[in-house]
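> can't give you the sequence, but here's the structure:
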């Protein structure tokens, strides 16, 4: 009987660790949370990335020498927008106005914390430099979320593993 109680206690502790038993979520090992309690999501970045909250957007960059960066924006969905494709069709002309040489590398369905999303990977240049972008857009609770990864084109692959881990750890509250 004592052995059964001991096993049940171990299982209860393990389950509490898995589901945090009502406690605030904590950053995965090697990551830090850069979102605050006012936001509707948790965003974690590797410890060696630097948070930049000075713009009012949740973002982080790799280093001063390599400014590869990620950001997340969240806005209330316009009632005229009925799908992710509609949203992209609305913003695409603005992107092309800023980046006349925008060229798609990939467009695909994706998930953001289990929520249906669209992923757009494209290249464009600005001020004589070539950049590569990854954007995921998702709608949850009448809010449009946009995750953006931006890097100089030749550095994009250097950080893609970090970016994919950031996306894996992203969660809605």
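Thanks, I have the structure now. From a predicted model like this one, the values you see are computed outputs, not experimental measurements.
> where along the chain do the strands fall?
31-33, 41-42, 44-46, 50-51, 58-61, 69-76, 103-112, 115-126, 129-140, 143-152, 171-172 (DSSP state E).
> from residue 126, how far off is residue 34?
25 Å (CB to CB, to the nearest Å). All C-beta atoms are positioned from the backbone trio N, CA, C, and that covers glycine.
> neighbour count: those two, which is higher?
residue 34 (22 against 10; other CB atoms under 10 Å).
> give me every residue that touches the closest residue to the more buried one other than its chain neighbours.
Counting by CB to CB, 6 or more residues apart in numbering, residue 51 is the residue found nearest to residue 34 once chain neighbours are left out, at 4.1 Å. Going by CB atoms under 8 Å, 6 or more residues apart in numbering, residue 51 touches 32, 34, 45, 59, 60.
> which of the strands of the chain sits closest to residue 161?
Proximity to residue 161, assessed across the strands of the chain by CB to CB, is greatest for strand 44-46 (9.6 Å).
> quick one: distance of the closest one to the chain centre.
Taking CA atoms, centre = their mean, to the nearest Å, one finds strand 44-46 lying 10 Å from the centre of the chain it belongs to.
> for residue 151, see how far away the residue nearest to residue 34 is.
17 Å.
> swap in residue 99?
Counting by CB to CB, the gap from residue 99 to residue 151 is 15 Å.
> wait, isn't residue 63 in contact with residue 50?
Yes: Residue 63 is within contact range of residue 50, at 7.2 Å (criterion: CB atoms under 8 Å).
> residues contacting residue 142?
76, 77.
> offset the numbering so it begins at 258, please.
Let's use 258 as the start, then, which means that last one is residue 399.
> residue 387 reaches residue 413, doesn't it?
No: at 9.8 Å, residue 387 and residue 413 do not qualify as touching, with contact defined as CB under 8 Å.
> looking at these two, which is more packed in?
Set side by side, residue 387 and residue 413 show more neighbours around residue 413, with 21 against 13, by other CB under 10 Å.
> what's the weakest-modelled helix or strand in this protein?
Counting by mean pLDDT, DSSP states H and E, the chain has its least confident helix or strand at helix 259-276, which shows a mean of 35.
> picking that back up, of the strands of the chain, which stretch is the most buried?
strand 301-303 (a mean of 22; mean count of other CB atoms under 10 Å).
> so which elements touch that strand?
Counting contacts by 3 or more CB pairs under 8 Å, 6 or more residues apart in numbering; DSSP states H and E, strand 301-303 is packed against strand 288-290, helix 413-426.
> neighbouring contacts of that strand?
Here strand 301-303 makes contact (CB under 8 Å, 6+ apart) with 284-285, 287-291, 308, 317, 327, 419, 422-423, 426-427.
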